[in-house]
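Asker: 3D, please:
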Amino acid sequence: MNNTHLPKDPVQWVKDLEHIWQSMDSEKASKGYTDDAFIVFGCQQIQTGKEMLNRPRDWFNYAKDLKINKNYIAHNNDCIVASWNSEYTDPKTKKIISERGIEYFRFRNGEVCEQYAWQHSWEKGNKPESLGIDTS
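Answerer: Predicted structure coming up:
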């Protein structure tokens, strides 16, 4: 008995997602979500509906020179975990911003129903020092 809710090939799904984001295809990037899907990011910020589906378009308009790589990490019967590294030019400061992040996607019947993302950003060439635990 197959109890998976995932797409047929989770590794290929991440590769396809990477290609969509590298192509900055906002139409394809907003497909494959359930009607009640949501994304959680940042400080427990949540987007749903049209706002969530417009997020790729808004991001591509902001980060016009986005370069991104996504990497498959793991999956189970209803979840795919991936990481990413990216760079883009901040339109306000004109400085190159580097990012790395991790996200997981929960699926229901082959579509994403929940997405969670965590990331860290810094100006290229100004990577934060490894100082251990810092709460300042």
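Asker: what residue ranges in this protein score low on pLDDT?
Answerer: Residue ranges of the chain with pLDDT under 70: 1-2, 130-136.
Asker: need the helices for it, in chain order.
Answerer: Secondary structure of the chain by DSSP state H: the helices cover 10-22, 26-29, 49-62.
Asker: mind checking which of the ones you listed is nearest Glu87?
Answerer: Each of the helices of the chain has some distance to Glu87 by Cβ to Cβ; the shortest is helix 10-22, at 12.1 Å. Where C-beta positions appear, they are placed from N, C-alpha and C, glycine not excepted.
Asker: Tell me, how many residues neighbour the closest residue to Asp90 other than its chain neighbours?
Answerer: Of all residues not flanking Asp90 in the chain, Ile97 sits nearest, at 5.2 Å (Cβ to Cβ, 6 or more residues apart in numbering). With neighbours defined by other Cβ atoms under 10 Å, the count for Ile97 comes to 16.
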